[in-house]
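Student: pasted the sequence and its predicted model underneath.
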Amino acid sequence: MTSFGEYGLVQLSKNFTVTQAVAFKDYFKQVCDRQSDLNQIVLDLGQTTFIDSSGIGALVGCLKIAQAHQIELVIWSLHPQVKMAFELTGLKDVFTIDMGTECLLAPETEVTEVSGTTHPSVRSPLKRLLDIVGSLVGLGITAVLFLPIAIAIQIDNPGPIFFGQIRCGWMGKRFKIWKFRSMVANAEALKHQVKNEAEGAFFKNKNDPRVTRVGKFLRRTSLDELPQFWNVLRGEMSLVGTRPPTPDEIERYEIPKWQRLDVKPGMTGEWQVNGRSSIRDFETVIQMDLRYQENWSLLHDIKLILKTIVVLFHKNAGAM
């Protein structure tokens, strides 16, 4: 970092992935702890053309560190490739960005996608086609089953038919996930009264008292997840991907765990077909998510979809 009295300037590397991100966050914290006279730190991303979810996680972590030290953090000279990632993930509304010093591409250069920040599965047109076709079929099934499910929910526990919750998708972008309501109407307000039986950054209770009688059936058969086909059609989720975390789970992530956000969250995935009902350890979820990213192919997605159908008819199948 170059210091100018109460101001500091840091130029980030060309590639800002998990290796650089972990080291940078540690360095940033040391700087903030050591230099108490700093009022503002400017991060120059003008030369940074490749950033992944771990890089995003490091920047979010640095913002929190700066705020704790009452230091203003400013993003300066965003490369267009990274700027697009900021816009798509909503980070442009989180950070203070000096838009007057944007890095300009040569006239003949055109940015059409965030190729420097996405996993191949996110860019695959065939995977997106599979998602669209699958979601349309799924929404057709949802429409057929909607009336009996809605009546059952209302009889058992009057209230909203659908349950919406904010989750984090690709690169940490927030969206509202939809399900058929399987808990009492004020379930979120009662969450603090329920013991978390999982280890790590996610919540799970096998016998959650908030789940209604109809809700238990919906979860056991995964019918509660049918409305998520709408999230898939909108492009917020995929048929196959990683488990979509909640914002409070993201708050507890160390930088390497942000790697699981390099792909879109899915209605099913490795965690679905490998005993999600019995998983209690977050590290196991991470390993499954990273394994999916490493092994991804369209054929692998199709295999997981077929395995999911088999799992749904297993007596131990159940919702997360």
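Tutor: It's in. Numbering: from 1, shown residues only.
Student: so for the residue nearest to Ser53 when sequence neighbours are not counted, what's the pLDDT?
Tutor: Counting by Cβ to Cβ, 6 or more residues apart in numbering, Leu261 is the residue found nearest to Ser53 once chain neighbours are left out, at 3.9 Å. (C-beta placed from N, C-alpha, C; glycine too.) Looking at Leu261, its pLDDT reads 89.
Student: Trp170 too?
Tutor: For Trp170, the predicted pLDDT is 89.
Student: now the helices for the stretch 51-200 of the chain?
Tutor: 53-68, 80-89, 120-123, 125-156, 187-190 (DSSP state H, counting those that start in this stretch).
Student: let me redo that: the stretch 201-320 of the chain
Tutor: 213-221, 228-233, 247-250, 270-273, 282-295, 298-312.
Student: low-scoring pLDDT stretches of the stretch 201-320 of the chain, where are they?
Tutor: The model of the stretch 201-320 of the chain has pLDDT under 70 over residues 201-202, 275-280, 314-320.
Student: before we move on, the earlier item: who wins for proximity to Gln165 among the helices of the stretch 51-200 of the chain?
Tutor: Ranking the helices of the stretch 51-200 of the chain by proximity to Gln165 (Cβ to Cβ) places helix 187-190 first, at 7.9 Å.
Student: for the record, mean pLDDT for that closest one?
Tutor: So the average pLDDT for helix 187-190 ends up being 78.
Student: quick one on the thing from earlier: mean neighbour count and distance to Glu225 added to the helices of the stretch 51-200 of the chain, as JSON lines?
Tutor: Below are the helices of the stretch 51-200 of the chain laid out as JSON lines (neighbours: other Cβ atoms under 10 Å; distance: least, Cβ to Cβ, whole Å):
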{"stretch": "helix 53-68", "mean neighbour count": "21", "distance to Glu225": "24"}
{"stretch": "helix 80-89", "mean neighbour count": "20", "distance to Glu225": "24"}
{"stretch": "helix 120-123", "mean neighbour count": "17", "distance to Glu225": "20"}
{"stretch": "helix 125-156", "mean neighbour count": "15", "distance to Glu225": "9"}
{"stretch": "helix 187-190", "mean neighbour count": "14", "distance to Glu225": "16"}
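Student: would you turn the ones you listed into a markdown table with distance to Ser3?
Tutor: Supplementary listing: the helices of the stretch 51-200 of the chain in a markdown table, determined by distance: least, Cβ to Cβ, whole Å:
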| stretch | distance to Ser3 |
| --- | --- |
| helix 53-68 | 15 |
| helix 80-89 | 24 |
| helix 120-123 | 39 |
| helix 125-156 | 47 |
| helix 187-190 | 46 |
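Student: any idea which of those helices gets closest to Ile250?
Tutor: Here helix 53-68 is closest among the helices of the stretch 51-200 of the chain (Cβ to Cβ), at 8.2 Å.
Student: just the angle for that closest one relative to helix 80-89, thanks.
Tutor: Between helix 53-68 and helix 80-89, the angle comes out at 80 degrees (axes from the mean of the first three to the mean of the last three Cα atoms, to 10 degrees).
Student: now do helix 53-68: everything it contacts.
Tutor: Residues from elsewhere that reach helix 53-68 (Cβ atoms under 8 Å, 6 or more residues apart in numbering): 16-18, 20-22, 24-25, 28-29, 32, 41, 43, 72-73, 75, 85, 89, 91, 94-95, 170-172, 253, 255-262.
Student: just to revisit the earlier point, show me the contacts for the residue nearest to Ser53.
Tutor: Ser53, Ile56, Gly57, Cys168, Gly169, Trp170, Met171, Gly172, Thr242, Pro245.
Student: low-confidence stretches in the stretch 51-200 of the chain?
Tutor: For the stretch 51-200 of the chain (pLDDT under 70), the answer is 99-117, 197-200.
Student: break the protein into its domains for me.
Tutor: Taking automatic domain parsing as the reference, the chain has its domains at 2-101, 120-312.
Student: how far off centre is the shortest one?
Tutor: Which is domain 2-101. 20 Å (Cα atoms, centre = their mean, to the nearest Å).
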